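A.B. asks: sharing a model prediction with you, sequence too.
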Amino acid sequence: MSDFPATPDAHPDGKLILVVDDEFDVLSAYTMLFEYRGYRVRTAGNGEEALAMAALERPDIVISDYMMPVMDGAQLCLLWRADPDLRHIPFILASAGLLRRDETLPYDTFFRKPVPFEALVAEIARLIATRK
């Protein structure tokens, strides 16, 4: 059974998801799937790009890979939480490489890759709803 829905869900009020990953295929897939669900999506290839994008337009949530060049997800998470303009925005960290999650990082949710898309969508909705 496919995770891809037969019809698009109701528009989630134009919520903006920032997806940060150095894998083009991951960015493309998430963009397609989230936009199909009615979200707006911006992408960045590393943490440095993500911070620059967030300065231009504040996302409602960020989903970041852990292992990336230039600035990895751990560094991004720490800088995200240190910024008074960003710290309230939910942060999801995902990794295929970590054997276990790093409990010292101030993320909201951690997923092991590959992430089941329906679980990710449910967590995004939950985190956005709790931050209203």
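C.D. replies: Alright, I've got the coordinates.

A.B. asks: got any ranges where the chain has weak pLDDT?
C.D. replies: Flagging of the chain using pLDDT under 70 yields the residue ranges 1-12, 98-101, 132.

A.B. asks: all strands for this structure, in order.
C.D. replies: Chain-ordered strands for the chain, with DSSP state E as the definition, fall at 16-20, 40-44, 61-65, 91-95, 109-112.

A.B. asks: strands paired with the shortest one, and their directions?
C.D. replies: Spelled out, it's strand 109-112. Applying DSSP bridges, strand 109-112 is found paired with strand 91-95 (parallel).

A.B. asks: if we can go back for a sec, could you export the strands of the chain as JSON lines, including mean neighbour count and distance to Val121?
C.D. replies: C-beta: built from backbone N, CA, C; applies to glycine. Supplementary listing: these in JSON lines, determined by neighbours: other Cβ atoms under 10 Å; distance: least, Cβ to Cβ, whole Å:
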{"stretch": "strand 16-20", "mean neighbour count": "24", "distance to Val121": "10"}
{"stretch": "strand 40-44", "mean neighbour count": "19", "distance to Val121": "13"}
{"stretch": "strand 61-65", "mean neighbour count": "25", "distance to Val121": "11"}
{"stretch": "strand 91-95", "mean neighbour count": "23", "distance to Val121": "11"}
{"stretch": "strand 109-112", "mean neighbour count": "16", "distance to Val121": "12"}
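
A.B. asks: do you know which of these lies nearest Ala119?
C.D. replies: Ranking these by their distance to Ala119 (criterion: Cβ to Cβ) puts strand 109-112 first, at 7.4 Å.
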